[in-house]
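Asks: Starting from these lines, generate the structure:
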Amino acid sequence: MFDAVIFDLDGTLIDTERLSILTGLAAFAELGHPATPDFMHGLVGKDRVTCAGIITAAFPGIDLGALDEIWHGAFNAGVDSGLDLKPHALDLLEAITLPRALVTSSHRKECHHKLRVTGLDRFFDAVVVYEDVTAPKPAPEPYLLAARTLSVPPARCLVFEDSDTGAEAAHRAGMVVVQVPDLMPTEGRFAHHVAPDLMTGARRAGLKV
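Replies: Sure, this is the predicted structure:
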């Protein structure tokens, strides 16, 4: 049924979204621009350049450089102290015998750091990061690049995503999408299957795991 399986990273395989939101809320407050959890949720799944545009539109006077330094300093310290995997992430990755790729909106350095910290770096035949594309999620380019790298037709790829932004990218690439929501609920309009966890989603999609 499928020739490859592709995963998003943050919020799908590793539990980073809560850490990002908590450290982000603290950073905004420290700079005198308190943000709401709903605002922070609106940044989930988006790359840093897109997030910067959203932030400056909402907080015109904010010092983006200072925000980045405070926020990502605290976030990276949290990553260094250890990251939890999402439920069944390790079991699913170990059970899959098909080629596997990772598609993330993270930058190369931070992506590979997270993979090393969690020990997930051994699982992927291809990794697509923000620097590899000109149009990040929700554009389909990251997923299409992963399929080309694996030499697999997009229609033969199964994708696991948590956010609507990522699910839209994979859907537009013509792939089968399993969405496992993390912090934000979803109507699943870009997903073929919405599931409470990765293993359930894999089985609903027909993977023999």
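Asks: C-alpha from now on. contacts and neighbour counts both.
Replies: Fine.
Asks: ok, for residue 47, nearest residue in space, not its chain neighbours?
Replies: Distance criterion Cα to Cα, 6 or more residues apart in numbering; nearest residue to residue 47, sequence neighbours excluded, is residue 105 at 5.0 Å.
Asks: neighbours of that neighbour, just the number please.
Replies: Using other Cα atoms under 10 Å, residue 105 has 25 other residues around it.
Asks: What's the local residue count around residue 171?
Replies: A count of neighbours around residue 171, defined by other Cα under 10 Å, yields 23.
Asks: Helix, strand or coil: sort out it for me.
Replies: Classification of residue 171 using DSSP: H, G, I helix; E, B strand; the rest coil returns helix.
Asks: That one and residue 79, how far apart?
Replies: The gap separating residue 171 from residue 79 is 30 Å, by Cα to Cα, to the nearest Å.
Asks: same question, residue 113
Replies: Going from residue 113 to residue 79 by Cα to Cα gives 9 Å.
Asks: the more surrounded of those two?
Replies: More crowded of residue 113 and residue 79, by other Cα under 10 Å: residue 79, with 20 against 15.
Asks: Could you tell me which residues make contact with that one?
Replies: 114, 117 (Cα atoms under 8 Å, 6 or more residues apart in numbering).
Asks: would you say it is within a helix?
Replies: Yes - under three-state DSSP, residue 79 falls within a helix.
Asks: Give me the pLDDT for it.
Replies: Per-residue pLDDT puts residue 79 at 85.
Asks: go on, the one 5 residues further on?
Replies: At residue 84, the predicted lDDT confidence score is 90.
Asks: Next up, the contacts around it.
Replies: 14, 15, 16, 118.
Asks: can you do 7 Å?
Replies: Residue 84 is in contact with 14, 15, counting by Cα atoms under 7 Å, 6 or more residues apart in numbering.
Asks: now do residue 140
Replies: Residue 140 is in contact with 169, 170, 172, 173, counting by Cα under 7 Å, 6+ apart.
Asks: For it, give me the pLDDT.
Replies: Residue 140 is assigned 98 on the pLDDT scale.
Asks: try residue 185
Replies: Predicted confidence (pLDDT) for residue 185: 85.
Asks: can you count the residues close to it?
Replies: Using other Cα under 10 Å, residue 185 has 11 neighbouring residues.
Asks: And it, how far from residue 194?
Replies: On the measure of Cα to Cα, residue 185 and residue 194 end up 10 Å apart.
Asks: Ok, residue 10 next?
Replies: 17 Å.
Asks: again with residue 59
Replies: 34 Å.
Asks: The two: which is more packed in?
Replies: Neighbour count, other Cα under 10 Å: between residue 59 and residue 194, residue 194 has more, with 24 against 15.
Asks: Thank you kindly, that will do.
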